[in-house]
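1. I would like to see how this sequence folds:
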Amino acid sequence: MNRGEELDVAAVDAWLRAAIPELQGMPEVIQYRGGASNWTYRLRYQNRDLVLRRPPAGTKAKSAHDMGREYLVQKTLLPVFPYVPRVLGLCEDESVLGVPFYVMERVPGLILRRDLPAGMRLSPQEARALSVRLVETLAELHRVDYRAAGLESLGKGPGYARRQIEGWSDRYQRARTWNAPSFRRVRDWLAASTPDDVRACIIHNDWRLDNAVLAPEDPTRIAGVLDWEMATIGDPLMDLGNALAYWVERGDGLVMSLLRRQPSHLPGMLTRKEIVDLYLERTGLRVASWAFYEVYGLFRLAAIAQQIYFRYHRGESRNPAFRHFWLIVHALERRCLAVLRKER
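-> This next block holds a predicted model:
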């Protein structure tokens, strides 16, 4: 486990046994290291395979890392969207770990990180099928009737796009360090170019291949979707813009390739343009210009990276992987400005 992120296994086990008395033995604990937000641990008992999610230490955005909210979203959404893991219990007693946390069943399968696991190969046909399925599953989520599902309280009503631009601009400025760019031109352009919401639906807000669990017997089929921390009611095109900020494709160049966290560069994977076209075809939505959603997604990603770096900069996180996140922020600003130049 990362230094400073060790789990009090005895305390968690004692709490879990009150909720799941049939647990056998003490769990083998493995920390998942793919994420940079909430801390996630696998608890492998002799007879159950579980996952625990808890907030990180240090400064947190006011609405982020809400374990009760994340737990409730998954519990409520599962009956209408079968890709959600089944949650088993929420602990809001901070005497156990010092923070709230929840436990869910582990979804068995494969999670693709930056590169394919050793010995695994995806043919161009399989890579295309997987990327198509990722887009279709997102469109499926966006078709869920959130009112019928009982999730209407997640949203704040019309004006989601405007709230996002204002909110992320404010969060970026508060987390900015001396070595980070201002993003002034990008922020001003986004504020002046914000469109009305195309419609309201459940959005995931962190839709990526490395948040998808692939079926063990068929790596082109999605068995589960993880990390519902930022799910809300909002504009579906904003959700797609967020997803494509992470989609580094072949030909993006050296700097962007260093940012890649998923094997989106493999031969056969859809390009960002193909993803947008497929999504619009599957949903029937129309957009006059994709540039706003592209720049928004990149700026939001930069703000997230800067918030993470801010915690490291202040000594609130010791994870060495965050040491150079300020360079990522500069690269994302350059990519935003490149999109704006094309819009002239």
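2. what mean pLDDT does the helix or strand encompassing Asp239 get?
-> Using DSSP states H and E, Asp239 maps to helix 236-245. For helix 236-245, the mean per-residue pLDDT is 97.
3. do stretch 50-58 as well
-> 86.
4. from here on, call the first residue 30.
-> All set: I'll call the first residue 30, so the last point we hit is now stretch 79-87.
5. what residues of it count as buried?
-> Residues 79-85 are the ones in stretch 79-87 that count as buried (16 or more other Cβ atoms under 10 Å). Quick note: C-beta positions are derived from backbone N, CA and C, even for glycine.
6. which among the residues you listed gets closest to Pro111?
-> Closest approach between these and Pro111, by Cβ to Cβ: Val80, at 17.6 Å.
7. and the closest one, helix, strand or coil?
-> Under DSSP: H, G, I helix; E, B strand; the rest coil, Val80 falls in the strand class.
8. which residue is the nearest non-sequential neighbour of it?
-> Arg135 (4.9 Å; Cβ to Cβ, 6 or more residues apart in numbering).
9. cool, Val305 as well?
-> Val305 sits nearest to Trp319 (Cβ to Cβ, 6+ apart), 5.8 Å away.
10. against Asp235, how distant is that neighbour?
-> 20 Å (Cβ to Cβ, to the nearest Å).
11. on that earlier part again, nearest to Pro146, of the buried residues of stretch 79-87?
-> Looking across the buried residues of stretch 79-87 and measuring by Cβ to Cβ, the closest to Pro146 is Val80, at 19.4 Å.
12. may I have the beta-bridge partners of that closest one?
-> On the basis of DSSP bridges, Val80 is bridged to Arg71, Met133.
13. which ones are touching it?
-> 61, 69-72, 114, 132-135 (Cβ atoms under 8 Å, 6 or more residues apart in numbering).
14. which among these count as buried?
-> 69-70, 72, 114, 132-133, 135.
15. quick check, nearest of these to Gly148?
-> Distance to Gly148 across these (Cβ to Cβ) is lowest for Arg135, with 22.4 Å.
16. ok, that closest one touching Tyr70?
-> No: counting by Cβ atoms under 8 Å, Arg135 sits too far from Tyr70 to count as a contact (10.6 Å).
17. tell me where this structure has helices.
-> 38-48, 96-106, 123-126, 153-171, 175-178, 189-204, 213-222, 265-274, 283-288, 301-312, 320-342, 354-372 (DSSP state H).
18. now those helices in CSV, with mean neighbour count and distance to Pro56?
-> Compiled in CSV, the helices of the chain are given as follows (neighbours: other Cβ atoms under 10 Å; distance: least, Cβ to Cβ, whole Å):
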stretch, mean neighbour count, distance to Pro56
helix 38-48, 14, 7
helix 96-106, 19, 19
helix 123-126, 13, 15
helix 153-171, 19, 31
helix 175-178, 14, 32
helix 189-204, 18, 35
helix 213-222, 16, 45
helix 265-274, 25, 33
helix 283-288, 13, 34
helix 301-312, 17, 39
helix 320-342, 23, 28
helix 354-372, 17, 32
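19. next, find the distance separating Gly313 from Val227.
-> Distance from Gly313 to Val227, by Cβ to Cβ: 11 Å.
20. higher neighbour count, these two?
-> Val227 (17 against 7; other Cβ atoms under 10 Å).
21. about what we covered before: which of the buried residues of stretch 79-87 sits closest to Leu269?
-> Looking across the buried residues of stretch 79-87 and measuring by Cβ to Cβ, the closest to Leu269 is Arg82, at 25.0 Å.
22. what about Ser346, neighbour count?
-> Ser346: 22 neighbours (other Cβ under 10 Å).
23. tell me the pLDDT at the residue nearest to it when sequence neighbours are not counted?
-> Closest residue to Ser346 apart from its sequence neighbours, by Cβ to Cβ, 6+ apart: Arg340 at 4.4 Å. Here the pLDDT value assigned to Arg340 is 90.
24. correct me if wrong: Arg340 contacts Arg352.
-> No: Arg340 is beyond contact range of Arg352, at 11.7 Å (criterion: Cβ under 8 Å).
25. what is in contact with those two at once?
-> Counting by Cβ under 8 Å, 6+ apart, Arg340 and Arg352 have no common neighbour.
26. about what we covered before: what would the buried residues of stretch 79-87 look like in TSV with distance to Leu299?
-> Listed next are the buried residues of stretch 79-87 as TSV, based on distance: Cβ to Cβ, whole Å:
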residue	distance to Leu299
Leu79	34
Val80	29
Leu81	34
Arg82	30
Arg83	35
Pro84	34
Pro85	33
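27. shaky segments in this protein?
-> The chain contains residues with pLDDT under 70 at 30-33, 63-66, 87-94.
28. which residues sit in contact with the residue nearest to Leu79 when sequence neighbours are not counted?
-> Nearest non-adjacent residue to Leu79, counting by Cβ to Cβ, 6+ apart: Leu72, 4.4 Å away. Contacts here follow Cβ under 8 Å, 6+ apart; on that basis Leu72 touches 41, 45, 56-58, 78-81, 132.
29. at 6 Å instead, please
-> Applying Cβ atoms under 6 Å, 6 or more residues apart in numbering, one finds that Leu72 lies in contact with 56, 58, 79, 81.
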